[in-house]
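**Student:** Here's my sequence, what's the structure:
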Amino acid sequence: MRIFNAFLIAFATYSRIPVPQAEWNEKNMKYSICFFPVVGAVVGAILFAWYFLCGLFGFNSIFFAAIAACIPTFVTGGIHMDGYCDTIDALSSYQPAERKLEILKDSNAGAFAVIKNTVYYLLYFACFTQISETGIFILTIGYVLSRALSGLAIVTFKLARGSGLAATFKEASHKKIVASVMIVFAVISALAMILIYPVGGSFAAVSALLMFIYYRFMSYKQFGGITGDIAGFFLVMCELCMAFGIIISEGVLGIWN
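**Tutor:** Numbering: from 1, shown residues only. You can find the predicted model right below:
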C-alpha cells in the first residue's frame, strides 16, 4: 500500500492525470520519486498515440507539431515550465545568488520569462516539424531519461535552500534506493534509445548528459544549489536538447534530403 501511495503522490505532483489522493507523509513519500520517470513514460505514450492518430486521419506535419510541442505541458499542467520561466527571470537579473533565489519565489512572470518561453515553444515546435518517425519514438523514451536524471539530481545534488518542493521530496526520500532506481531508469532508457536508433539515440543521450552536467554547474554557480524551479528548468531544457540532438543526427545522416 505504501508503494502504491508513493505512485499516487508522484502522479498527483508531477502530472494532471486524475488519481486518488494519498496522504503526504514521510512513509508514503519515501519512494515517490521512483515513479517520476513513469510520468515521463505516460507523456511519451501520449505523444506517440498522437503521432499515430495524425497518420491515421491524414493530419499534416504542422498540426502534429503544434499539438506535440504542447503535450508535455498538457500532461504535467506546466509545473516544469513554470520552473523554467522562474529560472529564466532569475538568471536574467544578473543579481547575487540570494537575490536570484528571491526571484525564483516571485509568482509574477517577468519579460524575459515571457520572451524565452515563446522562443522555447517555437524551437520545440520546429523540432517536431523536422524529426523522423524513429526520432519521435526515441524522444518518447527521452521523457523517461529526462525525469530519471532530474530525480537523481534531487537526491544527490546540493539544495540551494532548505524549503520548497525539492527539499520536501529530498528530505522524505530514501536517498540510496531512489538514486539507484533513477540510475537504472537512466541507463535502461539511454541504452534503449541507442539500440533502437544508434546515431539518433546516441546524439539524444549525449545531449541529455551534457545538459545534466550544465545543470549542476549552473545551479551551483548561480544559486548555490538546486531548487524545484531549477529542476523544472533542467527538465524542459533536457527534452529540447534531446530533440535537437536527434535533428542534428538526422542532418548528419542525410534523412532531411
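**Student:** Now do P96, the pLDDT please.
**Tutor:** We have a pLDDT of 83 for P96.
**Student:** Provide the count of other residues in contact range of it.
**Tutor:** P96 has 10 neighbours, counted by other CB atoms under 10 Å. Backbone N, C-alpha and C define where each C-beta goes, glycine included.
**Student:** Could you give the backbone dihedrals for it?
**Tutor:** Here is the backbone geometry of P96 (degrees, to the nearest 10): phi -60, psi 160.
**Student:** Could you do F157 as well?
**Tutor:** Per-residue torsions, F157: phi -80, psi 160 (degrees, to the nearest 10).
**Student:** Hmm, G225 and it touching each other?
**Tutor:** Yes - with contacts counted by CB atoms under 8 Å, F157 reaches G225, the gap being 6.6 Å.
**Student:** list the residues that contact both of these two?
**Tutor:** Residues within reach of F157 and of G225 at once, by CB atoms under 8 Å, 6 or more residues apart in numbering, are S219.
**Student:** now the strands: where do they sit in the stretch 151-257 of the chain?
**Tutor:** Assigned by DSSP state E, counting those that start in this stretch, the stretch 151-257 of the chain shows no strands.
**Student:** Quick check: which ranges of it have low pLDDT?
**Tutor:** By pLDDT under 70, the weakly predicted segments of the stretch 151-257 of the chain are 253-257.
**Student:** quick one, helices of it?
**Tutor:** Per DSSP state H, counting those that start in this stretch, the stretch 151-257 of the chain carries helices over the ranges 165-172, 175-196, 198-223, 228-253.
**Student:** Out of these, which gets nearest to S15?
**Tutor:** helix 228-253 (12.8 Å; CB to CB).
**Student:** Show me what that closest one is packed up against.
**Tutor:** Helix 228-253 sits against helix 79-93, helix 111-130, helix 133-156, helix 165-172, helix 198-223, with contacts defined as 3 or more CB pairs under 8 Å, 6 or more residues apart in numbering; DSSP states H and E.
**Student:** and the direction of it versus that of helix 175-196, what angle?
**Tutor:** 20 degrees (axes from the mean of the first three to the mean of the last three CA atoms, to 10 degrees).
**Student:** Give the burial count for K158, as a bare number.
**Tutor:** 12.
**Student:** State the phi and psi torsions of the nearest residue to it once chain neighbours are set aside.
**Tutor:** The spatial neighbour of K158 that comes closest, neighbours along the chain excluded (CB to CB, 6 or more residues apart in numbering), is G225 at 4.0 Å. In terms of degrees, to the nearest 10, the main-chain angles of G225 are phi 150, psi -170.
**Student:** got the buried residues for stretch 29-36?
**Tutor:** For stretch 29-36, burial by neighbour count (16 or more other CB atoms under 10 Å) applies to M29, K30, Y31, S32, I33, C34, F35, F36.
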